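K.L.:
what's the 3D shape of this:
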Amino acid sequence: MKLGSFGRNIIGIDDKAAASLILIINGVGVAGRLLPAILASKLGPLNLMIPLTFLPALILFCWASVHTQASLLLFDIFYGFLMASGQGMLPPSLGSLTKDPSKMGVRFGMVFSICGFALLIGQPLAGALIEAHGGGYLYAQMYSGAAMMMGVIFMTAARTKIVGWVLKVKI
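P.N.:
Okay, the predicted model is just below:
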């Protein structure tokens, strides 16, 4: 996520304020990882992860309407909290999808390999999309929101494959 460069290049904040955006997003992420973990035992981690990925995806689409330093800060706080919430649910969600404990390590390895590939290409791809838009961030913003929505679709499909459309099943 190129939030610091967006703040400097588009909003016009100084380098110190742009650097503090990463501190804020990680700071609110602490609470974002703790609070859902408490709810996960009651609702099920995958049941919680789906909306906790859907909401940051929506927020990423809303990023295109950020035009002031105050709105950038609000975006940073909400996105940081919700994104960390969804990320914190990944390991327990994956565990809840795996019924055979002997396959747990292989499944974690496969999922985190795919995540690693996505993290490896994410920043260069965002840079290419920004360059393709002549320094504007709209293409990168829409791509990131769409990619997260695809994740929501895949998680919903995985949940539906296992339990069907029954909503009150804890998984």
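K.L.:
what about the protein, any weak spots by pLDDT?
P.N.:
Low-confidence segments of the chain (pLDDT under 70): 1.
K.L.:
Find the nearest non-adjacent residue to the most centrally placed residue in the chain, please.
P.N.:
Closest to where the C-alpha atoms of the chain average out (C-alpha atoms, centre = their mean) is M83, at 4.2 Å. Closest residue to M83 apart from its sequence neighbours, by C-beta to C-beta, 6 or more residues apart in numbering: P56 at 4.6 Å. Yep, even glycine has a C-beta here, placed from its N, CA and C like the rest.
K.L.:
Equivalent analysis for F78, please.
P.N.:
Spatial nearest neighbour of F78, excluding adjacent residues (C-beta to C-beta, 6+ apart): I59 at 5.8 Å.
K.L.:
same thing with K42?
P.N.:
Per C-beta to C-beta, 6+ apart, closest to K42 is K170, 7.9 Å.
K.L.:
what's the one you found sitting at in phi/psi?
P.N.:
Main-chain torsions, K170, degrees, to the nearest 10: phi -80, psi 120.
K.L.:
what about it, distance to T156?
P.N.:
16 Å (C-beta to C-beta, to the nearest Å).
K.L.:
W165 now?
P.N.:
With C-beta to C-beta as the criterion, W165 and T156 are 10 Å apart.
K.L.:
between the two, who's got more neighbours?
P.N.:
T156 (14 against 7; other C-beta atoms under 10 Å).
K.L.:
List the residues that contact H133.
P.N.:
139-140 (C-beta atoms under 8 Å, 6 or more residues apart in numbering).
K.L.:
ok, now how distant is it from A64?
P.N.:
11 Å.
K.L.:
again, but for L35
P.N.:
28 Å.
K.L.:
Then P36?
P.N.:
27 Å.
K.L.:
who's more crowded, those two?
P.N.:
P36 (24 against 14).
K.L.:
wait, isn't that one in contact with L90?
P.N.:
No - contact criterion C-beta atoms under 8 Å: P36 and L90 do not qualify, at 11.2 Å.
K.L.:
shouldn't S85 be in contact with L34?
P.N.:
No - taking C-beta under 8 Å as the definition, S85 is not a contact partner of L34, at 9.2 Å.
K.L.:
Neighbour count: the two, which is higher?
P.N.:
Ranked by neighbour count (other C-beta under 10 Å), S85 and L34 place S85 first, with 25 against 12.
K.L.:
So for the strand or helix carrying that one, what gets flagged as buried?
P.N.:
In the assignment (DSSP states H and E), S85 maps to helix 69-88. Neighbour-count burial for helix 69-88 flags 72-73, 75-88 (criterion: 16 or more other C-beta atoms under 10 Å).
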